[in-house]
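*Asks:* 3D, please:
(2 chains)
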Amino acid sequence: MKFGRRAFLQFAAGAVGGTLLSPLPWKLADDSAIWSQNWSWRPSPERGLVSKVPSTCLFCDGGCGIQVHLVNKKNAIYIEGNAANPVNQGGVCPLAASGCQFLYAPYRVSQPLKQTKARGDASGFQPISWEQAIGEVGAALGKMRTSGNSQGLAGISGRPRSSMFHLWRQFFSAYGSPNLFQMPSHADSLELACMLTLGHEATPAFALERASYVLSFGANLLEGWGAPARMQSVFGQWRQERAGIAQPKIVQIEPRLSLTATKADEWIAVKPGTQCALALGIAHVMIKNHLYDDFFMTSQVVGFEDWIDAGGNTRQGFKSLVMQNYAPAQVAEWTGVAAARIEEIAGQFAAQEYAVAIWGEDGGKTPDNIYSDLSFLALNLLKGNMQPGGMVSLVPPVPLEVLPEVQMDQWAYRGLQQPRLDLTQTRQLPLPGNGLYAFLDTINRGGSPYSVEMLMIYEANPVYSLAENRLIKEALGKISSVVTFTSYMDETALQADLILPNHMALERYDDVIGLPGVPYAYYAVSRPVLPPRLQTKHTGDVILALAATIGGTVKGSLPWKNFEAFLQSRVKGLAAAGTGALAGKPGVQPWALQSGQAPKSNYKNPKDLWNKLTSGLCWYGPPVDALQQINTASGKYELACVSLQNRGVNVEDAAVYLPHFAPLTPSGDAQAFPLLMMGYRRLNISSEYLANPPFMTKTLWDFLLKGNDLFVEIHPETAKSLGLKQGDRATLTTPEGEVKVRIRIFAGAHPGTVCVVHGLGHTAYDEYIQDKGININDIIEVQMDPITGMGTVWATRAQLARA
Amino acid sequence: MKEEKRSTSGRTMLGGLFFIAGLIVALIVGWVVFPKVLYSQKTQPMNFSHAAHEDSACEDCHYFLPDGSYSGTPGIENCRQCHEEPMTDSEQERILVEEYIQKDREIPWLVYGWQPDNVYFSHAPHQAAELECVQCHRDVTADEEKLPILYENRWTGYSKSTMKMVECEKCHAERGASNACQTCHK
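*Replies:* Numbering: from 1, shown residues only, chains lettered A, B, ... in the order given. Modelled structure (predicted):
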């Protein structure tokens, strides 16, 4: 017997047969399905007891109540909405749902960093201790102050609807600098529009919960307008079948077919930038057909009829101006909307009892042309929406404890006497507001009467997110020292000399004061849902530490032990005011409150209020009628902005006092740049301080972002005239620069426009965020409003050519 | 010719023997050796005698939280309620008290039914459907003195008694519960 080749093959055949008759191959095949689940390098969340900690979301101004799911009380795994919060009613936006990615992001700044090489070189950042960081900044601030240049400190703050901004303001005032600015928002121009018409700074609010007809002039309701989660739930209510209640009609007026436009009852594809003209055209029809309250418009309003100025001259009133200049035929020419259609919309708008006009094309991210804001307010006024209980009221102030009066020493007094840098001898703005652009312009032109030695940037990423960001990049080059207070290594942090990392939003106390466009008073507190992961420090505590280092009256003006104590002191005022109550369970409807009708208080004392606020309950109060707190010289709504007379405006021009269509012309040659580039936003792309987290980037269509290529939208006709086809690579050029893009031919784009999404094209952070698409802010142009000095954005001239 | 024939049939017989030898070896490897090699035997960090806790109700340690979620593997806070100090001379109880309760350390229990991360399993609806615990778990009421050995699959890392998807699906199908993906994979 010999075990030869033949025997071996026979043995092997038997072995194969035997193996197939045993569980070995089948078990292994079955196990292979779950084998990959336990690869050692595969991330796996820790298991343990899951608890939910309620808090308030700080990722935008929307003020949503959230519940953070924690494993073993220390690892955040999930963020969901708090059903007891009346704003979001259990819902959250994609950004909040992705929030844990910010907490564990590799691009978080883990400790204070000091730049030792040239600005922008990430390898030059050296870790330093908090003692050294605060010591160095404190010493530099002290030196600037005693050398008489306290005004040389400037600040740019994000999160304006927070007590943090009040603390910053207190610090700047006590230190002696007038140069504290906020990141731009639509509230900036709205506040000034209310200042002109109502005599005090306020922003309008809209009772959308009870609207029956919504005329939306480009307000991107589903893409971040106002308080985003509130809008999602309101939109949901509008679209619900309710017995006996007709669904409201939504008319979306904007050049591009946005998500909101697709969900509206009607989309009116108006020519870019002409919504204001359309509003005035509608006003014309309403006046012509006498579809307004004559008694109200003459008795409560200044400037509807012709009026007499301080010099005794008769001035043209709104009625006459609109009748003269905004006839439907003329407006049709500007807007591309047929005259008959304008008549029809005006008729519908006037006929509906709960009709409201809303506006704000950029989701509240940028200020509007002041005359646009005034025109939309005027349309609502004409509709009677500003009358008591009307559809338009004011975002009510929250009666938090006022900060103690700033103690001033000679340095502070001297510093505050210096001109604010948005207002210089060469630029006298009639109506100054949050003049960040004017400030940057002054620095870039070398027009500052004193040197800006230090710029502090808090929770903002202007190097990325400021429209025409070239301006801030240029300005940073002219400022000796840049200190940022951020949680992330973003584009702005990269340009800093010193980064003092703030606790991330889930790790700190903070608050939300009032909501954009929301008619009821609102206040909510965010509390740390888990201990800080890294060597970060609450910026509020850093400000207090800096004040203590400087000492004297600066320290005296900021007497709080820490930020938590400061916030508690503010809540004391809220408790004492007794004008609101806490919403602790689902079903509370603050929007049903009438003006002056305070809900029954449901807290015992300030401590109880604080405890309830930090356990996830929010405070709400009644609305404020627009005409309730009027503070104009006439005591009436000033449709003709009479107060501009005292503000150095060219009084010869009659229209200057009145709402009118005054588009700011984009720069550049219309021949060389025949297209108009317009930005748009999406709710699943974060475009401001926070970068788009990978969870959200995954949700983008591949006809918006494919690999690293960004697609821009153009109309088929535009594509044809430019010889471009679907998916073509092209160069997009504006007077500000050029970028490489790909083409998406989209019938929803307006002919002659290029639509570019905001929020992509980061250069900082990590490989999962950077270089995805292009940043529109690199090539966008800002037009400065001549009255307010604010940087407005509507369109930039552009050219597309096949690459 | 005859010789040749004989020789061929002898080869065939021998060949059959080689084939059968191969078959038997493979069957032994597949049925006996493979299961032994595939699983490593793991013992729990300390023993727990269910029999010694007969005076307690199951729900004292295995309970639902107020929000409806299941409490999971009992933590030392459960043990601490009775064993802050040793109650007997048992060596295992000494380990429990000195090594875990006093040091405030959780016992790193090995879980016999560890499910993958991509499976969402909730005990609550299964209890509501009146399933008996022993339908999925071993019966510990029969005087279990010693925790059984955990057989860990060397390849997949899962316990031998981890329930696989097919078993979930089978029961769901039999009882008319949904087998849609999102029922378990959320």
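
*Asks:* CA atoms for contacts and neighbours, from now on please.
*Replies:* Noted.

*Asks:* so how far is A:Leu198 from B:Glu91?
*Replies:* Taking Cα to Cα, to the nearest Å as the measure, B:Glu91 falls 81 Å from A:Leu198.

*Asks:* between these two, which is the more surrounded one?
*Replies:* Neighbour count, other Cα atoms under 10 Å in any protein chain shown: between B:Glu91 and A:Leu198, A:Leu198 has more, with 26 against 12.

*Asks:* pLDDT score for that one?
*Replies:* Here the pLDDT value assigned to A:Leu198 is 96.

*Asks:* please apply the same query to A:Val518.
*Replies:* As predicted, A:Val518 sits at a pLDDT of 96.

*Asks:* so it makes contact with A:Ala205?
*Replies:* Yes. Between A:Val518 and A:Ala205 there is a contact under Cα atoms under 8 Å: 5.0 Å.

*Asks:* these two: which is more packed in?
*Replies:* More crowded of A:Val518 and A:Ala205, by other Cα under 10 Å: A:Val518, with 28 against 24.

*Asks:* does stretch A:585-598 reach chain B?
*Replies:* No. Between stretch A:585-598 and chain B, judged by Cα under 8 Å from any Cα of the partner chain, nothing touches; the nearest distance is 15.8 Å.

*Asks:* show me what counts as buried in that stretch.
*Replies:* The neighbour-count check on stretch A:585-598 (16 or more other Cα atoms under 10 Å in any protein chain shown) flags A:Val588, A:Pro590, A:Trp591, A:Leu593, A:Gln594, A:Ser595, A:Ala598 as buried.

*Asks:* contact partners for the fifth one?
*Replies:* Pointing back at A:Gln594 there. Listed by Cα atoms under 8 Å, 6 or more residues apart in numbering or on different chains, the contact partners of A:Gln594 are A:Gly389, A:Pro622, A:Pro623.

*Asks:* list of residues touching the longest strand belonging to chain A?
*Replies:* Longest strand in chain A, counting residues (DSSP state E): strand A:737-745. Here strand A:737-745 makes contact (Cα under 8 Å, 6+ apart) with A:703-704, A:709-716, A:719, A:724-733, A:773-774, A:778-779, A:803.

*Asks:* which of those residues are buried?
*Replies:* Buried, going by 16+ other Cα under 10 Å: A:703-704, A:709-716, A:719, A:724, A:726, A:728-733, A:773-774, A:778-779, out of the contacts of strand A:737-745.

*Asks:* among those residues, which are located in strands?
*Replies:* Counted as lying in strands by DSSP E, out of the buried ones among the contacts of strand A:737-745, are A:Asp709, A:Leu710, A:Phe711, A:Val712, A:Glu713, A:Ile714, A:Arg729, A:Ala730, A:Thr731, A:Leu732, A:Thr733.

*Asks:* please convert the buried residues of stretch A:585-598 to TSV, extending it with secondary structure and pLDDT.
*Replies:* As requested, these are exported to TSV (DSSP: H, G, I helix; E, B strand; the rest coil; pLDDT from 0 to 100):
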residue	secondary structure	pLDDT
A:Val588	coil	94
A:Pro590	helix	95
A:Trp591	helix	94
A:Leu593	coil	93
A:Gln594	coil	92
A:Ser595	coil	90
A:Ala598	coil	91
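
*Asks:* if we can go back for a sec, most neighbours among the contacts of A:Gln594, which one is it?
*Replies:* Tallying neighbours with other Cα under 10 Å puts A:Pro623 at the head of those, with 28 neighbours.

*Asks:* pull the contacting residues for A:Arg470.
*Replies:* Counting by Cα under 8 Å, 6+ apart, A:Arg470 makes contact with A:Val463, A:Asp778.

*Asks:* hmm, try it at 7 Å
*Replies:* By Cα atoms under 7 Å, 6 or more residues apart in numbering or on different chains, the contact set of A:Arg470 is A:Asp778.

*Asks:* in the stretch 551-700 of chain A, what residue lies closest to chain B?
*Replies:* As assessed by Cα to the nearest Cα, chain B sits closest to A:Phe695 within the stretch 551-700 of chain A, at 15.4 Å.

*Asks:* for that residue, which three-state class applies?
*Replies:* Three-state call for A:Phe695 (DSSP: H, G, I helix; E, B strand; the rest coil): helix.

*Asks:* okay, now it: neighbour count?
*Replies:* Burial of A:Phe695 is recorded as 15 neighbouring residues (other Cα under 10 Å).

*Asks:* check what pLDDT it gets.
*Replies:* So, for A:Phe695, pLDDT stands at 95.

*Asks:* host element of B:Tyr151?
*Replies:* If you go by DSSP states H and E, B:Tyr151 is part of strand B:150-153.

*Asks:* please see if that strand touches chain A.
*Replies:* No. Applying Cα under 7 Å from any Cα of the partner chain, one finds strand B:150-153 separated from chain A by no less than 9.0 Å.

*Asks:* averaged pLDDT, the helix or strand where B:Glu93 lies. What do you get?
*Replies:* Assigned by DSSP H and E, B:Glu93 belongs to helix B:91-95. Mean pLDDT, helix B:91-95: 93.

*Asks:* report the buried residues of that helix.
*Replies:* Residues B:Glu93, B:Arg94, B:Ile95 are the ones in helix B:91-95 that count as buried (16+ other Cα under 10 Å).

*Asks:* ok, so of the residues you listed, who is nearest A:Gln132?
*Replies:* Set against A:Gln132, the nearest of the buried residues of helix B:91-95 by Cα to Cα is B:Ile95 (47.6 Å).

*Asks:* beyond the helix holding B:Glu93, next helix or strand please.
*Replies:* Heading C-terminal from helix B:91-95, the first helix or strand you meet, by DSSP H and E, is helix B:123-128.

*Asks:* just for chain B, where's the confidence low?
*Replies:* Within chain B, the stretches with pLDDT under 70 are B:1-12, B:14-15.

*Asks:* tell me the pLDDT at the nearest residue to A:Thr539 once chain neighbours are set aside?
*Replies:* Residue nearest to A:Thr539 in three dimensions, not counting chain neighbours: A:Asn502, with 5.4 Å by Cα to Cα, 6 or more residues apart in numbering or on different chains. What the model reports as pLDDT for A:Asn502 is 98.

*Asks:* A:Asn502 and A:Ser487, how far apart?
*Replies:* Taking Cα to Cα, one finds A:Asn502 at 5 Å from A:Ser487.

*Asks:* the buried residues of stretch A:585-598 into CSV, with extra columns for distance to A:Tyr104?
*Replies:* Below are those laid out as CSV (distance: Cα to Cα, whole Å):
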residue, distance to A:Tyr104
A:Val588, 34
A:Pro590, 36
A:Trp591, 37
A:Leu593, 41
A:Gln594, 44
A:Ser595, 44
A:Ala598, 42
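
*Asks:* from those, which two are the most distant?
*Replies:* A:Val588 and A:Ser595 (16.6 Å).

*Asks:* what does chain A put close to chain B?
*Replies:* A:7, A:10-15, A:17-19, A:21-24, A:31, A:34-35, A:37-38.

*Asks:* where along chain B do the strands fall?
*Replies:* For chain B, applying DSSP E gives strands covering B:39-42, B:150-153.

*Asks:* then the stretch 201-350 of chain A?
*Replies:* Here the stretch 201-350 of chain A has its strands, by DSSP state E, counting those that start in this stretch, at A:204-206, A:213-217, A:249-253, A:266-268, A:301-302, A:307-308, A:314-315.
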